[in-house]
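1. need a 3D model of the following:
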Amino acid sequence: MDKKILIIDDSEQDKKIMVRYLTRAGFDKIATAENGNNGLQKFEAENPDIVILDTMMPDTVGFEVCKKIRELKGFQRPKIVITTGSIDAVDALRAKESGADDYCVKTSDCEPLLNAINKLF
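-> Numbers count the residues shown, from 1 in each chain. Model prediction:
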(Lines give C-alpha, C1' and ligand atoms only; values in the text may rest on other atoms or scores of the structure.)
Protein backbone atom coordinates (compact mmCIF):
# COMPACT_ATOMS: atom_id res chain seq x y z
CA MET A 1 0.00 0.00 0.00
CA ASP A 2 1.21 3.48 -0.66
CA LYS A 3 0.13 4.93 2.70
CA LYS A 4 3.03 6.26 4.77
CA ILE A 5 2.86 5.31 8.47
CA LEU A 6 4.64 6.81 11.48
CA ILE A 7 4.65 4.78 14.72
CA ILE A 8 5.45 6.81 17.86
CA ASP A 9 6.00 4.42 20.77
CA ASP A 10 8.67 4.11 23.46
CA SER A 11 8.53 0.30 23.47
CA GLU A 12 10.99 -1.23 20.99
CA GLN A 13 9.19 -4.55 21.22
CA ASP A 14 5.78 -3.02 20.46
CA LYS A 15 7.22 -1.08 17.51
CA LYS A 16 8.79 -4.25 16.08
CA ILE A 17 5.53 -6.16 16.42
CA MET A 18 3.55 -3.38 14.74
CA VAL A 19 6.07 -2.95 11.92
CA ARG A 20 6.14 -6.68 11.26
CA TYR A 21 2.35 -6.97 11.28
CA LEU A 22 1.75 -3.88 9.14
CA THR A 23 4.41 -5.00 6.66
CA ARG A 24 2.65 -8.36 6.33
CA ALA A 25 -0.62 -6.47 5.79
CA GLY A 26 0.94 -4.72 2.78
CA PHE A 27 2.25 -1.45 4.24
CA ASP A 28 5.84 -0.81 3.20
CA LYS A 29 6.45 2.84 4.11
CA ILE A 30 6.83 2.74 7.89
CA ALA A 31 8.89 5.09 10.06
CA THR A 32 9.23 4.90 13.85
CA ALA A 33 10.03 7.25 16.70
CA GLU A 34 10.82 6.41 20.32
CA ASN A 35 9.21 9.39 22.07
CA GLY A 36 6.95 12.38 21.58
CA ASN A 37 9.63 14.93 20.73
CA ASN A 38 11.34 12.65 18.22
CA GLY A 39 7.90 11.74 16.88
CA LEU A 40 7.05 15.36 16.15
CA GLN A 41 10.37 15.81 14.33
CA LYS A 42 9.78 12.66 12.28
CA PHE A 43 6.23 13.79 11.56
CA GLU A 44 7.52 17.03 10.07
CA ALA A 45 10.19 15.19 8.06
CA GLU A 46 7.99 12.32 6.83
CA ASN A 47 4.52 13.95 6.54
CA PRO A 48 2.81 10.55 7.02
CA ASP A 49 -0.73 9.57 6.09
CA ILE A 50 -1.23 7.66 9.35
CA VAL A 51 0.24 8.23 12.82
CA ILE A 52 0.05 5.42 15.37
CA LEU A 53 0.60 7.00 18.75
CA ASP A 54 1.15 5.36 22.15
CA THR A 55 -0.63 6.97 25.10
CA MET A 56 2.15 6.73 27.67
CA MET A 57 5.75 7.68 26.88
CA PRO A 58 8.56 8.87 29.16
CA ASP A 59 8.64 12.46 27.85
CA THR A 60 4.93 13.08 27.25
CA VAL A 61 1.51 11.52 26.80
CA GLY A 62 0.23 10.62 23.37
CA PHE A 63 -2.82 12.85 23.72
CA GLU A 64 -0.55 15.91 23.90
CA VAL A 65 1.48 14.80 20.87
CA CYS A 66 -1.78 14.30 18.99
CA LYS A 67 -2.87 17.87 19.80
CA LYS A 68 0.50 19.22 18.67
CA ILE A 69 0.28 17.36 15.36
CA ARG A 70 -3.19 18.79 14.79
CA GLU A 71 -1.87 22.32 15.49
CA LEU A 72 0.96 22.12 12.95
CA LYS A 73 0.31 24.25 9.88
CA GLY A 74 1.36 23.40 6.33
CA PHE A 75 0.92 19.64 6.65
CA GLN A 76 -1.80 17.33 5.44
CA ARG A 77 -4.16 16.18 8.15
CA PRO A 78 -3.05 12.59 8.86
CA LYS A 79 -5.24 9.91 10.34
CA ILE A 80 -4.21 9.35 13.96
CA VAL A 81 -4.80 6.14 15.91
CA ILE A 82 -3.99 6.28 19.62
CA THR A 83 -2.92 2.94 21.11
CA THR A 84 -2.28 1.69 24.61
CA GLY A 85 -1.03 -1.43 26.31
CA SER A 86 -3.41 -0.87 29.23
CA ILE A 87 -7.13 -1.20 28.72
CA ASP A 88 -7.61 1.28 31.58
CA ALA A 89 -5.68 3.92 29.64
CA VAL A 90 -8.06 3.82 26.66
CA ASP A 91 -10.17 6.91 26.97
CA ALA A 92 -12.32 7.38 23.88
CA LEU A 93 -13.46 10.86 24.83
CA ARG A 94 -9.94 12.07 25.59
CA ALA A 95 -8.66 10.54 22.32
CA LYS A 96 -11.35 12.36 20.32
CA GLU A 97 -10.77 15.64 22.21
CA SER A 98 -7.07 15.48 21.40
CA GLY A 99 -7.84 15.11 17.69
CA ALA A 100 -7.41 11.36 17.21
CA ASP A 101 -9.48 9.61 14.58
CA ASP A 102 -9.57 6.30 16.46
CA TYR A 103 -8.05 4.40 19.40
CA CYS A 104 -7.33 0.78 20.21
CA VAL A 105 -5.70 -1.52 22.75
CA LYS A 106 -2.36 -3.05 21.71
CA THR A 107 -2.50 -6.79 21.15
CA SER A 108 0.19 -9.22 20.05
CA ASP A 109 -1.59 -9.88 16.75
CA CYS A 110 -2.29 -6.16 16.06
CA GLU A 111 -5.74 -7.03 14.73
CA PRO A 112 -7.49 -4.08 16.49
CA LEU A 113 -4.87 -1.73 15.04
CA LEU A 114 -5.28 -3.04 11.50
CA ASN A 115 -9.07 -2.83 11.86
CA ALA A 116 -8.78 0.79 13.00
CA ILE A 117 -6.52 1.66 10.05
CA ASN A 118 -8.77 -0.09 7.53
CA LYS A 119 -11.82 1.64 8.99
CA LEU A 120 -10.18 5.05 8.47
CA PHE A 121 -9.44 4.36 4.81
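2. Thr23 reaches Lys29, doesn't it?
-> No: the pair Thr23 / Lys29 is not scored as a contact, 10.1 Å apart, by Cβ atoms under 8 Å. No exception for glycine: its C-beta is placed from N, CA and C like everyone else's.
3. compare these two (neighbour count), which wins?
-> Neighbours per residue, other Cβ atoms under 10 Å: of Thr23 and Lys29, the larger number sits with Lys29, 15 against 12.
4. buried residues in stretch 32-42?
-> For stretch 32-42, a neighbour-count test (16 or more other Cβ atoms under 10 Å) marks Thr32, Ala33, Glu34, Asn35, Gly36, Gly39, Leu40, Lys42 as buried.
5. for Lys96, see how far away the fifth one is.
-> Looking back up the chat, that one is Gly36. 19 Å (Cβ to Cβ, to the nearest Å).
6. how about the last one?
-> Counting by Cβ to Cβ, the gap from Lys42 to Lys96 is 24 Å.
7. cool, the third one as well?
-> With the distance defined as Cβ to Cβ, Glu34 ends up 26 Å from Lys96.
8. off-centre distance for the least confident helix or strand in the chain by mean pLDDT?
-> Least confident helix or strand, the chain: helix 92-98 with a mean of 86, by mean pLDDT, DSSP states H and E. Relative to the chain's own centre, helix 92-98 is displaced by 14 Å; criterion: Cα atoms, centre = their mean, to the nearest Å.
9. tell me the mean pLDDT for whatever helix or strand comes next after it?
-> Where DSSP states H and E defines the elements, the next helix or strand beyond helix 92-98 is strand 102-105. Across strand 102-105, pLDDT averages out at 90.
10. list the contacts of strand 102-105.
-> For strand 102-105, the surrounding residues in contact (Cβ atoms under 8 Å, 6 or more residues apart in numbering) are 79-87, 90-92, 95, 112-113, 115-116, 119-120.
11. then stretch 109-121?
-> With Cβ under 8 Å, 6+ apart, stretch 109-121 has contacts from 3, 17-18, 21-22, 25, 50, 52, 79, 81, 83, 101-107.
12. name the SS class of the residue positioned nearest the centre of the chain, please.
-> Relative to the mean C-alpha position of the chain, the nearest C-alpha, by Cα atoms, centre = their mean, is the one of Ile52, at 0.9 Å. Secondary structure for Ile52, judged by DSSP: H, G, I helix; E, B strand; the rest coil, is strand.
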